[in-house]
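Asks: Predicted model, plus sequence, below.
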Protein chains: 2
Amino acid sequence: MSRSNLDLVNECDRFPYYQVDTDLYAASVSTYYELRVQEHDYALGYVLPSVAEIFRGLPNWEIDDQDRVLTITGVSTTEQRSDVVMRTVLAMKKTGYFKVLEKWRDELYPVYGKNKELLFDVERSASPLLGVVTYGVHCTAYVKREDDELKIWIPRRAKTKQTYGGMLDNAVAGGIASGEGPFESLVRECGEEASLAEDLVRSRAKACGTVTYFYIRDERAGGETGLLQPECQYIYDIELPEDVVPKPGDDEVEEFYLWTVGEVQEAMAKGEFKPNCALVMLDFFIRHGVLTTENEKDYVEIVSRLHRKLEFPTS
Amino acid sequence: MSRSNLDLVNECDRFPYYQVDTDLYAASVSTYYELRVQEHDYALGYVLPSVAEIFRGLPNWEIDDQDRVLTITGVSTTEQRSDVVMRTVLAMKKTGYFKVLEKWRDELYPVYGKNKELLFDVERSASPLLGVVTYGVHCTAYVKREDDELKIWIPRRAKTKQTYGGMLDNAVAGGIASGEGPFESLVRECGEEASLAEDLVRSRAKACGTVTYFYIRDERAGGETGLLQPECQYIYDIELPEDVVPKPGDDEVEEFYLWTVGEVQEAMAKGEFKPNCALVMLDFFIRHGVLTTENEKDYVEIVSRLHRKLEFPTS
């Protein structure tokens, strides 16, 4: 069945909104444990009760079942907190309990506090267990021909990729590791994923905002389902000269297509895009005047939903 | 004192966020009355208690002090509801009680329900009394010179204008009356406010999304302060040829300046822009890569705040 653009948003921005359904929101939130660190009395993420249970009794972790809070305690520096988290998730990996930890990435993701200070780092594969905000870069590469027709470079993920295998993607997309800036991350990923030359990217890539949403993981993400995953993607556009052809730089991408807007929209409606990449395409279409309030009945709703104000501190 | 970009956002998007400060949000909301129409059990706007009081006992209006709801009752069609609202605000205008009604506009604004159906129309000057969502178009006119330098056309409002007199504005901005489409409204306003030819606007204006925020009126807006004003602005960019010069088409604009990005940012920091026009400029700077996460520490926060998901149904 054909998906509307709002269907695509709903598939990715799945966490309920307080303003829309107060009861549903309250009921959802009250099932989770807030993740906190000592001396910072606010939520950094939401943890499923089935996950919080596994932290019970572990050193430096405290569970308050009354207020439903899971707190990293007894440590006060970024390094100490990161150590606690690393020791804990390494031990959990050894037990084999959590399936998401089987895809260990050896890459650290940052978790920020209210003053944008780095509170701790967490191994990437463990971040959905803690329900913390993760960051990435997504870049749309396009060509504008002389007759003004817009064409967009769309890669297909390798069928062998464990997550969202065979689905369509944005030209370049990747997570931002702790300590790396978004633009530097973009330059690196453009080289790795699309074989785009560094000077081309530095001179042509344009920052265009962020896309933020609150995802709830399903089977396609791999591992446990229902884990909370609030995400912030830094968005870039890069207009490529007609003679520059992105090429897969690793085995994660099968091939690149150069598609018209109509072809991209058709594939989106068929659900062929990785969910968050469909959102990045919607944002691109809105910024470029492809989608308008005259041709998209859910225009106002979609624009807001692509820029969700997350419940937790961000970078 | 110099304003940060986040200060500018805070000045306009002033209503508290549930996710940020649940207690403040709850305390704020619990002081207001929800505006509803019979058989639609959801809020269309927030009404100050001092305003709701004046509706007490009027025909076709019902006040529930327990649940704090003000409902239009006894009528069931769009026309009937609009009649009730018009009769009521006309009577209130005659009494001279509300200062905002002294600026009667003879222009109707639409109020939509959850299924995007038109529930009723309300005289423009009365909309902040009901706290309903209002709609407008804001367009940024710019010139891109051959050396790629961006210059922006900025009008100064006439000093004699009753609201925000002498402040800086977007090239074209205006409210959307009931029954008018955003793009048609834009074409009309571009002629009236900037003397831009219709065919130029139709061929060059590009829809770029919406900017939504929840304003609380202060002195500069004129009339009662504290009234709630959630707004949705349809955003357009128009790149003008270097030889096209916008000219004030009425006495509402004093003159147009052609400014560099730096000049615009300086005036923003000095608080010279009408508050919601500063937000439109921020959105423009984000979409055009002027503001980035590398040069704006509140980047992620600002992008979300410019696209607030409003508490009420929208068009």
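Replies: On my side now, so go ahead. Given the structure is predicted, the values throughout are model-derived calculations rather than measurements.

Asks: What segments of chain A are helices?
Replies: Ranges of helices in chain A, per DSSP state H, are A:5-12, A:22-29, A:49-55, A:78-95, A:127-130, A:182-194, A:198-204, A:261-269, A:275-287, A:299-305.

Asks: so how far is residue A:171 from the residue in the stretch 51-200 of chain A positioned nearest to chain B?
Replies: Relative to chain B, the nearest point of the stretch 51-200 of chain A is residue A:182 (5.3 Å; C-beta to the nearest C-beta). The way it works is simple: take the backbone N, C-alpha and C, and place the C-beta from them, glycine included. Plainly put, residue A:182 is 16 Å away from residue A:171 if you go by C-beta to C-beta, to the nearest Å.

Asks: which of the two has more neighbours?
Replies: Set residue A:182 next to residue A:171 and count neighbours by other C-beta atoms under 10 Å in any protein chain shown: residue A:171 wins out with 27 against 23.

Asks: Phi, psi for the more buried one please.
Replies: Dihedral pair for residue A:171: phi -50, psi -50, per degrees, to the nearest 10.

Asks: my read: it touches residue A:245, true?
Replies: No - with contact defined as C-beta atoms under 8 Å, residue A:171 does not count as touching residue A:245 (11.4 Å).

Asks: Can you check which residues contact both of the two?
Replies: Both residue A:171 and residue A:245 are contacted by residue A:256, under the criterion C-beta atoms under 8 Å, 6 or more residues apart in numbering or on different chains.

Asks: show me where pLDDT drops low in the stretch 151-300 of chain A?
Replies: Along the stretch 151-300 of chain A, the model assigns pLDDT under 70 to no residue.

Asks: Now do residue A:285 against residue A:261, distance only.
Replies: Relative to residue A:261, and taking C-beta to C-beta, residue A:285 is found at 7 Å.

Asks: what's the answer for residue A:315, then?
Replies: Look at residue A:315 and residue A:261: by C-beta to C-beta, they are 32 Å apart.

Asks: try residue A:146
Replies: From residue A:146 to residue A:261 the distance is 17 Å (C-beta to C-beta).

Asks: coming back round to it: out of residue A:285 and residue A:261, which sits in the busier spot?
Replies: When neighbours are counted by other C-beta under 10 Å, residue A:285 comes out ahead of the other of residue A:285 and residue A:261, with 22 against 18.

Asks: Skip the chain neighbours and tell me the closest residue to the more buried one.
Replies: Closest residue to residue A:285 apart from its sequence neighbours, by C-beta to C-beta, 6 or more residues apart in numbering or on different chains: residue A:291 at 4.4 Å.

Asks: these two touch, right, that neighbour and residue A:283?
Replies: No - assessed by C-beta under 8 Å, residue A:291 is found out of contact with residue A:283, at 9.5 Å.

Asks: and for these two, which residues touch both?
Replies: In contact with both residue A:291 and residue A:283: no residue, using C-beta under 8 Å, 6+ apart.

Asks: Give me the pLDDT value at residue A:97.
Replies: Residue A:97 carries a pLDDT score of 95 in this model.

Asks: what number of residues lie near it?
Replies: Look at residue A:97: counted by other C-beta under 10 Å, it has 12 neighbours.

Asks: quick one: contacts for it?
Replies: residue A:54.

Asks: Disregarding flanking residues, what is the spatial nearest neighbour of residue A:140?
Replies: Excluding its sequence neighbours, the residue lying closest to residue A:140 (C-beta to C-beta, 6+ apart) is residue A:284, at 4.8 Å.

Asks: how close does the one you found get to residue A:304?
Replies: On the measure of C-beta to C-beta, residue A:284 and residue A:304 end up 17 Å apart.

Asks: How about residue A:21?
Replies: Using C-beta to C-beta, residue A:21 is found at 15 Å from residue A:304.

Asks: Tell me which of those two has more neighbours.
Replies: Neighbour totals were compared for residue A:21 and residue A:304, and residue A:304 leads with 24 against 12 (other C-beta under 10 Å).

Asks: what distance separates stretch A:12-27 from the centre of its chain?
Replies: How far stretch A:12-27 lies from its chain's middle: 19 Å, per C-alpha atoms, centre = their mean, to the nearest Å.

Asks: how about it: buried residues?
Replies: Under the neighbour-count criterion of 16 or more other C-beta atoms under 10 Å in any protein chain shown, stretch A:12-27 has A:12-19, A:25 buried.

Asks: can you pull up the bridge partners for residue A:207?
Replies: As for beta bridges, residue A:207 partners with residue A:236 under DSSP bridges.

Asks: Next up, the contacts around it.
Replies: A:182-183, A:234-236, B:286, B:289, B:291-293.

Asks: Let's see that with 10 Å instead.
Replies: Residue A:207 is in contact with A:137, A:139, A:182-183, A:186, A:234-237, B:286-296, B:299, counting by C-beta atoms under 10 Å, 6 or more residues apart in numbering or on different chains.

Asks: Out of the residues you listed, which end up buried?
Replies: Buried, going by 16+ other C-beta under 10 Å: A:137, A:139, A:182-183, A:186, A:234-237, B:286-288, B:290-293, B:296, B:299, out of the contacts of residue A:207.

Asks: Find the residue at the geometric middle of chain A.
Replies: In chain A, the residue lying closest to the centroid (C-alpha atoms, centre = their mean) is residue A:231, at 4.1 Å.

Asks: Can you get me a residue count around the residue nearest to residue A:140?
Replies: Neighbour tally, residue A:284, other C-beta under 10 Å: 23.

Asks: Looks like it contacts residue A:291 (just checking).
Replies: Yes - using C-beta atoms under 10 Å, residue A:284 is in contact with residue A:291, at 9.3 Å.

Asks: so what's in contact with these two at the same time?
Replies: Listed as contacting both residue A:284 and residue A:291 by C-beta under 10 Å, 6+ apart are residue A:261.
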